[in-house]
Every structure is written in C-alpha cells, then in structure tokens.
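>>> turn this into a model:
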Amino acid sequence: MATVPLSSTSGKWIMVSTIMASAMAFIDGTALNVVLPAIQKSMHASGTDLFWILNAYLLMLAALMLIGGSLGDKLGRKKIFITGILIFIGGSAACGMAADVLWLIIFRMLQGIGGALMIPGSLSLISSSINEDERGKAIGTWSAFTTVVTIGGPILGGALADAGYWRYIFFINVPIGIVAVIILWTKVQESIADDKDKTLDLKGAAAITLGLIAVTFGFLRIPETGLNGQVLASLVVGILLLTTYIFIERRSSHPMMPLSLFKNMTFSGANLLTFFLYAGLGAGMLFLSLNLVQAQGYDQLQSGLTFLPFTVLMVLVARFAGTLADKYGPRLLLTIGPAIAGVGLLMLSFVGQTPGPSAYFRTFFPGILVFGLGMSFTVAPLTATVMGAVSDHFSGTASGINNALSRIAGVFANAIFGALAVLFFSGALKGDLQHLSLNEAGKQAVMQQAGELGNAKAPASLNETEKAAVTRLYHDSFISAYQKIMRISGVLGLLGALMSVIFIRNSAVRAARVPK
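Here you go, the predicted structure:
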C-alpha cells in the first residue's frame, strides 16, 4: 500500500479507525484502575486477586503482542487489526458478565489476546500508510485524539463504580469496537509487508508466555508464602523460559522479535526508556488510585477526576511534541519528558495523609500536573522514534516489540511492586502494632489482613476502641507503602531519561528533521 498524506481522505479514515480501536484499550485501562476498589469489594477479592486481574490482561498482551505485530506484517495489517478488535470486544462483554474473580481473570486473558492483535496494528497502519515526513505529526495526532476519546474513562469509571455499575466499564468497548470494524472494513485499504515468509514463531510465543506467567506467579506468591520452594521453582523456571526465548529468537529464521533490530542503539535505547518509564507509570497510577479511595477518603468519581489534568495535558501537548520531534529530533524531548515525569512521581511520594478531596489542589494536584507534563512530552516522540528507527518492512514488528515491552514493564511492576507493597505494608504495620496493647492472638489477626493492603479491615474480635486504632494503623501503613512505591517509580522515570542521553541519536530516526 502506497503511503498517503495525513490530510487525504484515506489518511483521515486510517486515523479515525485506529483512534477508535486504540481508545477501547485506553478506556479499559484508565477506568479499570479507578474501579479496582469497587471490584475488590463487590467480588470479595484479595489484594493478590487485584494484581491478577491487571496482570491476566497484561501477560497475554505482552507475550502475544510480538507475534501480533508479526502477523500484521505477514498476513495483512488491516485483517489482523480487525480480528484483534473482534476478540477484544468479545472478551470485554464476557468480563462484564463474569460471575466471580476467577472468571474475570480468565476473560481478561481473552481481552489480552485481542489486544495483542489490535494494538500493534494501529500504529503499524499509521507508520506504513502515512507519509514519512508527517509520521511524527500523525502519531502525535493519534496520541492527542486517543486521549480526547479516553479522557472520560476515569471519570465515567468512577461514576459507574460509585453507582454499583462497574461492569459497564467493559460493555463500553462493544459499540466502539463495532464502529471501528465497520470503518476499517469499508474505508481502509489492506497494508501488507512484501515478505514471502509467512511462518510464525510459535515456539518463541510459547516460551515467553509461559516464562512471564511463571515469573509473575512467583512474585505474587511471595507476600503470602515467603520464598518457599514453590516460589523459587516458579521464578527459576520463568527465568529459564525467558532465557530460552532469547536463544529461540537468535536461532530462528523467522523470529517474532528479530534481535538484529537491537543493533540499532537508538531502537534499543528507546525500548529501554519504555521499559523503565512504563514500569514507573504502571505502579504509580495503580497505587495512586488505591491510595485516593482506600486511604484518603475520595469516592471513585473524585478519584477519576484527579487524573483530569494528566489527560488534558496529553491532549494539549502530545501533537505539539510530535511536531517538535519531526523538526528537531526526539532526543531532547525524550530526555526532558521522562525526567519531568519522574520528578512528578517523586512529588506524589511525599504526600501523606490528607484531609481528603478538599485538599486536592495543595496535595496531589502539583505532582499529577508535573507527571502529566512529562508524559505529554514523551509519548509521541518515543513512539515516532521506535517506528522511525526501523524500515517500513519491520514497522509492525517494531510496534509490537515496543508495546510488548511497555506491557511487560507493567506485568513486572504489578508483580514485583505488588509483592513489595505487601512487604512494606506488613513491615510498617508490624512495627506500629507493638505500641498497641493487644494480645498475641489479636496481633496475629491484625497481621493476617496485610495482604488486603488498603482494603484491610480490623478483626471482628476487637472492641470498638481497638478497631479504631487498628484501622488507623492500616491507613498509616498503606500510606507508608504507597510512598515507598512512588519513590521507586520516580527513580524509574529518571532512569528512562538516562537511557535517552546514553543511547538515542537523532540521526538514527528517519522521521527526524534535524537542522544542519
């Protein structure tokens, strides 16, 4: 398929369809963080269950996105994109009807399979179909309008959760997906790489899927069982499988992740930046949402509204940042952006117990504003750098690799930071508990709730005075754990900026226009 100008009819339909399809995933993700407390309460889910609800989707997305990008390049980007959308909306409808936590986790995995085919297709269609001179602008437009479409995600999610209708968060995807499929089917031409090799890397897909599941299972079991034989075996098997995956990719004649792409240091640096920044982003947004509702006294609608400055900045700045990256090169933006985002997360880490929503503008607002500004300067240039560092032949694969790494970062962040959060929470709780005049049985009952994190409830065996004191300890311990997690997240953002300084070069990005 020949490339087209962004302003042409074909270019506009490509943008509309990719924005709508991508918006489904973003609405699902942003709203889900806000409604997690409602899901935990409604389904009697433990803290570990919450991390599995998040990770079930991310695991399949991360493991299969690489093969999803490869499928698009080999079999047709439009065809695979449509298939992904249909699977995603089917999984979404099933999630909305899930009877318990186990089924919700299973259906989230189905969503992940659809997303793995859908998400690489959106950027791949843009990269392979839009004129190279306008690629950064196109991706910036995609980022901005996708944010406009999803800006109501946290707000709508909060409102529905407060009303007891959190399941409708999943049903929203169905009409959006149907309209996107109709547009793609009738208005967008097929795009396929000139490649006679249609072989798929099924061995690699199996190795990375099982490896990620084993590592995630191991980390999420640590807070419950400690480093016992089962946990160690799971971690060792997972690491061995992920190592095996690298060897499979090195020796395969048709790898889903061609290691030769990483010889380009700019491509490697952009993906390292992605990994560090999105690990910090995933952990930061999750624990901020839980903190607002479970410790700070916000209802879920108020929690959703707190992210409004973040999304408004994405709308206002993303397209502008993409244009700057086209004109001057992405390196400076990819240094400043992650650094500012990291500072924003660090600012949020110093917020302790607050009076509640009335104090929002002098507590959480400054950090969210800085964090949103940093991400706004980063997203479009980062995506344009990844896509511009490889040939069009590998555009789907490059998109798959970068998106997979951002999701793998989320998987590891949820698993590792989830385990750390429980350990931080337990440590703070155990220390403060020594100051309460409870017998040993009472203290053990209090500690047994540590896995619930901010949703921990004082044991029924305590009297009212003791329950009030223990509830305060739970709040204080959760805030202590939150602050530590946010500081680690902020450091990860700064590490992302360092990757740009070390590895990214404007001259290696085809879409960059660097003045001589």
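
>>> how far away is residue 47 from residue 413?
Using C-beta to C-beta, to the nearest Å, one gets 15 Å for the distance from residue 47 to residue 413. Every residue, glycine included, has its C-beta placed from N, CA and C.

>>> between these two, which is the more surrounded one?
Legend: neighbour count by other C-beta atoms under 10 Å for residue 47 and residue 413, higher for residue 413 (30 against 23).

>>> tell me the SS of that one?
helix (DSSP: H, G, I helix; E, B strand; the rest coil).

>>> so it makes contact with residue 285?
No - applying C-beta atoms under 8 Å as the test, residue 413 and residue 285 come out as separate, 9.9 Å apart.

>>> buried residues in the helix or strand residue 102 falls within, which are they?
Element membership of residue 102 [criterion: DSSP states H and E] is helix 101-129. Within helix 101-129, the residues scored as buried using 16 or more other C-beta atoms under 10 Å are 101, 104-105, 107-129.

>>> where does residue 488 land on pLDDT?
Note on residue 488: pLDDT of 96.

>>> helices or strands up against whatever helix or strand it lives in?
Using DSSP H and E, the element containing residue 488 is helix 464-503. Applying 3 or more C-beta pairs under 8 Å, 6 or more residues apart in numbering; DSSP states H and E, one finds that helix 464-503 makes contact with helix 265-294, helix 331-349, helix 418-433, helix 440-447.

>>> at 6 Å instead, please
The helices and strands touching helix 464-503, judged by 3 or more C-beta pairs under 6 Å, 6 or more residues apart in numbering; DSSP states H and E, are helix 265-294, helix 331-349, helix 418-433.

>>> deepest of those, which one?
helix 265-294 (a mean of 25; mean count of other C-beta atoms under 10 Å).

>>> ok, then the element right after that one?
On the C-terminal side of helix 265-294, the nearest following helix or strand under DSSP H and E is helix 300-305.

>>> angle of the following helix or strand past that next one against helix 331-349?
Next along the chain after helix 300-305, taking DSSP H and E as the criterion, comes helix 308-328. Angle, helix 308-328 to helix 331-349, by axes from the mean of the first three to the mean of the last three C-alpha atoms, to 10 degrees: 160 degrees.

>>> tell me where the stretch 1-150 of the chain has helices.
Using DSSP state H, counting those that start in this stretch, the helices of the stretch 1-150 of the chain run over residues 9-42, 47-75, 77-96, 101-129, 135-150.

>>> can I get the ones you listed in JSON lines with mean pLDDT and distance to residue 342?
Converted to JSON lines, these look like this (pLDDT from 0 to 100; distance: least, C-beta to C-beta, whole Å):
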{"stretch": "helix 9-42", "mean pLDDT": "74", "distance to residue 342": "20"}
{"stretch": "helix 47-75", "mean pLDDT": "77", "distance to residue 342": "22"}
{"stretch": "helix 77-96", "mean pLDDT": "90", "distance to residue 342": "32"}
{"stretch": "helix 101-129", "mean pLDDT": "82", "distance to residue 342": "25"}
{"stretch": "helix 135-150", "mean pLDDT": "62", "distance to residue 342": "20"}
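
>>> of all those, which one is nearest residue 180?
helix 9-42 (4.1 Å; C-beta to C-beta).

>>> buried set for the closest one?
For helix 9-42, burial by neighbour count (16+ other C-beta under 10 Å) applies to 10-11, 13-40.

>>> now do it and helix 308-328, the angle between them.
Helix 9-42 and helix 308-328 are oriented at 150 degrees to each other (the same axes, to 10 degrees).

>>> which strands and helices lie in contact with helix 9-42?
helix 101-129, helix 135-150, helix 153-162, helix 173-187, helix 265-294, helix 300-305.

>>> in a strand, residue 435, correct?
No - under three-state DSSP, residue 435 falls outside any strand and is assigned coil.

>>> how deep is it tucked in, by neighbour count?
Neighbour tally, residue 435, other C-beta under 10 Å: 9.

>>> contacting residues for it?
Applying C-beta atoms under 6 Å, 6 or more residues apart in numbering to residue 435 gives no contacts.

>>> now do it against residue 472, distance only.
11 Å.

>>> same thing with residue 252?
From residue 252 to residue 472 the distance is 57 Å (C-beta to C-beta).

>>> the more surrounded of these two?
Shown here are residue 252 and residue 472; by other C-beta under 10 Å, residue 252 has more neighbours (16 against 13).

>>> which residue sits closest to the more buried one, ignoring its sequence neighbours?
residue 201 (5.7 Å; C-beta to C-beta, 6 or more residues apart in numbering).

>>> tell me how many other residues surround that neighbour.
If you count neighbours by other C-beta under 10 Å, residue 201 ends up with 22.

>>> now the one 3 residues further on
Applying the criterion other C-beta under 10 Å, we find 24 residues in the vicinity of residue 204.

>>> contacting residues around it?
Counting by C-beta under 6 Å, 6+ apart, residue 204 makes contact with 245, 248-249, 256.

>>> check which helix or strand covers it.
helix 202-225.

>>> pLDDT of that helix, averaged?
Helix 202-225 comes out at a mean pLDDT of 81.

>>> chain center to that helix, what's the gap?
Computed by C-alpha atoms, centre = their mean, to the nearest Å, the separation of helix 202-225 from the middle of its chain amounts to 18 Å.

>>> got the buried residues for that helix?
203-205, 207-223.

>>> and the residue nearest to residue 154 when sequence neighbours are not counted, how close does it get to residue 158?
Distances taken as C-beta to C-beta, 6+ apart place residue 304 nearest to residue 154, at 3.4 Å, with adjacent residues excluded. Distance of residue 304 to residue 158, given as C-beta to C-beta: 3 Å.

>>> shared neighbours, the two?
In contact with both residue 304 and residue 158: residue 34, using C-beta under 6 Å, 6+ apart.

>>> any stretches of the stretch 201-350 of the chain with poor pLDDT?
Scanning the stretch 201-350 of the chain for pLDDT under 70 picks out 223.

>>> for burial, what's the neighbour tally of residue 501?
14.

>>> residues contacting it?
Applying C-beta under 6 Å, 6+ apart, the residues near residue 501 are residue 335.

>>> distance of it from residue 391?
Taking C-beta to C-beta, one finds residue 501 at 26 Å from residue 391.

>>> and the contacts of residue 204, which of them are buried?
Neighbour-count burial (16+ other C-beta under 10 Å) applied to these gives 245, 248-249, 256.

>>> before we move on, back to that, which of the contacts of residue 204 fall in helices?
Judged by DSSP state H, the contacts of residue 204 include 245, 248-249 as members of helices.

>>> pick out whichever of these sits closest to residue 289.
For the ones in helices among the contacts of residue 204, the nearest to residue 289 is residue 245 (32.1 Å; C-beta to C-beta).

>>> dump the residue contacts of that closest one.
Shown in contact with residue 245 (C-beta under 6 Å, 6+ apart): 204, 207-208.

>>> got the CA positions of stretch 466-479 in CSV?
Taking C-alpha atoms only, stretch 466-479 is exported to CSV below (Å, rounded to 0.1, in the frame of the first residue of the first chain):
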residue,chain,number,x,y,z
GLU,A,466,-9.2,-1.3,69.3
LYS,A,467,-10.8,-1.4,65.9
ALA,A,468,-10.5,2.3,65.5
ALA,A,469,-6.8,2.2,66.5
VAL,A,470,-6.1,-0.8,64.1
THR,A,471,-7.9,1.0,61.2
ARG,A,472,-5.7,4.0,61.7
LEU,A,473,-2.6,1.7,61.6
TYR,A,474,-3.8,0.2,58.4
HIS,A,475,-4.2,3.6,56.8
ASP,A,476,-0.8,4.8,58.0
SER,A,477,0.9,1.5,56.9
PHE,A,478,-0.7,1.7,53.5
ILE,A,479,0.4,5.3,53.0
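
>>> tell me which residues in it are buried?
Those would be 466, 469-470, 473-479, for stretch 466-479 by 16+ other C-beta under 10 Å.
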